[in-house]
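Chemist: structural data only, the sequence is not supplied:
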């Protein structure tokens, strides 16, 4: 069994299944990894959690290890068993350990789990909550240097406890993310998002170890500008935007890593445009209606120049807009923002 470790697998939405992995970043910048673009929750979100079964001991472990992330990231977990909870956890011992990634959880029917904790060895629950907040497997980091012995990996994962076919193994283990699909850091051999793999699975005879706690890089990354910095605030201090205002609101990214949060009310169904202007390169996310966790769209350069622009058909309700600098680790600058109904 030592040569056939228990391996977590990401649950992938049909639109993302077996996607071609690009190899070149879309524009110059640091190599990115670990967090697939477009799957992070709004910074400062409260994620509700519902248990779909499980013993008291299993639930306690899940709560304790979820708290590891909440201690460092600008996120909260509320274990209130809400019927429309963003994260819904089953404990099917015959279904392994898995989770959908980040905001993909919102696409799953409410009567189905978004995570399964079929085993709770070591830091398994923390690993799965890492997926739930938007992190990918570290062994699929394009900056990683794992030299897989593909024939052995495919043969061993076809056996217990995984029983995977070749396509599944290639998707879950062998295929790396492309540099333009993800945000992140250099390869981290200590990451809790890296599972144990035996040396026999690699060409150079170098395996990985089981990581049962968050690494220093895990903590700094999720608390950093690409994920959930504490400087991002919460929806309670979002700045109000007026639809069809005569003047655009002036704003700025005052320091590296800062994220600005706005809200507006769509008083009628229709097409709305939210955009920025100015010379600052910003990225925008739109959430709603009446939800800080339901991601509608994310945009970088659809506006004029390096500005962000989102056009969407919206129903009546309250919406949230999150703005950050494209180079969130170093960028600052002024911009204006406005929202109008067409």
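Modeler: Right, received. Where do you want to start? All values reported here derive from a predicted model rather than from experimental measurement.
Chemist: how about the helices in the stretch 201-342 of the chain?
Modeler: 216-222 (DSSP state H, counting those that start in this stretch).
Chemist: so where's it uncertain?
Modeler: 232-233 (pLDDT under 70).
Chemist: apart from its chain neighbours, what residue comes closest to residue 272?
Modeler: residue 314 (5.0 Å; C-beta to C-beta, 6 or more residues apart in numbering). C-betas here are computed from N, CA, C, even on glycine.
Chemist: isn't the one you found right up against residue 269?
Modeler: Yes. Assessed by C-beta atoms under 8 Å, residue 314 is found in contact with residue 269 at 7.0 Å.
Chemist: what distance do you get for residue 209 to residue 124?
Modeler: 15 Å (C-beta to C-beta, to the nearest Å).
Chemist: more neighbours: those two, which one.
Modeler: residue 124 (22 against 11; other C-beta atoms under 10 Å).
Chemist: got the phi and psi for the more buried one?
Modeler: For residue 124, the backbone dihedrals (degrees, to the nearest 10) come out as phi -60, psi -50.
Chemist: just give me the neighbour total for the residue lying closest to it once chain neighbours are set aside.
Modeler: Using C-beta to C-beta, 6+ apart and skipping residues adjacent in sequence, the residue nearest residue 124 is residue 97, 5.3 Å away. The number of residues packed around residue 97, counting by other C-beta under 10 Å, is 21.
Chemist: repeat for residue 67
Modeler: For residue 67, using other C-beta under 10 Å, the count is 13.
Chemist: next: residue 68.
Modeler: Residue 68: 20 neighbours (other C-beta under 10 Å).
Chemist: now it: how far from residue 333?
Modeler: Distance from residue 68 to residue 333, by C-beta to C-beta: 34 Å.
Chemist: what's the answer for residue 113, then?
Modeler: 43 Å.
Chemist: between the two, which one's more packed in?
Modeler: Neighbour comparison, residue 113 and residue 333: the larger count goes to residue 113, with 23 against 14 (by other C-beta under 10 Å).
Chemist: is it true that that one touches residue 88?
Modeler: Yes. Counting by C-beta under 8 Å, residue 113 does reach residue 88; the two are 4.8 Å apart.
Chemist: shared neighbours, these two?
Modeler: When contacts are counted by C-beta atoms under 8 Å, 6 or more residues apart in numbering, residue 113 and residue 88 are jointly contacted by residue 52.
Chemist: quickly list what the residue nearest to residue 272 is bridged to.
Modeler: residue 270 (DSSP bridges).
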